[in-house]
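**Q** no sequence for this one, just the structure:
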């Protein structure tokens, strides 16, 4: 098992330099994903993740994300225990948004104030 925490800037670098070699898995709920998401991320809610592991391209660098990094970390450890290598976005999509460098985000501006 290999789990590594990364920060928003690390994710930006991965997207910028290796976008075709990363798989971003968002483990939040669909209504959260509709409000804010990372461009190109794949939504697999945490309660469905175990049954949908076959949808993840494990030949790529896999990054789990959620709102604050807690749910994604939990899921990274659960799936990592099965021998998978996973990166976890430590402070979640919140850090990507709050640091003002949201160039990789798609945001519903009418709803974002209620989310964070």
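**A** Everything's here; your move. Every value quoted in this text rests on a predicted model; they were computed, and no experiment measured them.
**Q** please make it C-alpha for all contacts and neighbour counts, starting now.
**A** Noted.
**Q** for stretch 3-16, list every residue counted as buried.
**A** Neighbour counts over stretch 3-16 (16 or more other CA atoms under 10 Å) mark 3, 5, 6, 7, 8, 11, 12, 15 as buried.
**Q** what's downstream of the helix or strand containing the second one, the next helix or strand?
**A** To tie it back to what came earlier, the one meant is residue 5. For residue 5, the element it lies in under DSSP states H and E is strand 2-6. With elements assigned by DSSP H and E, the helix or strand that comes after strand 2-6 is helix 8-18.
**Q** helices or strands up against that next one?
**A** helix 92-98 (3 or more CA pairs under 8 Å, 6 or more residues apart in numbering; DSSP states H and E).
**Q** contact partners of the next helix or strand after the helix it packs on?
**A** Sequence-wise, the next helix or strand downstream of helix 92-98 (DSSP H and E) is strand 105-107. Applying CA atoms under 8 Å, 6 or more residues apart in numbering, the contact partners of strand 105-107 are 35, 36, 37, 38, 39, 96, 97.
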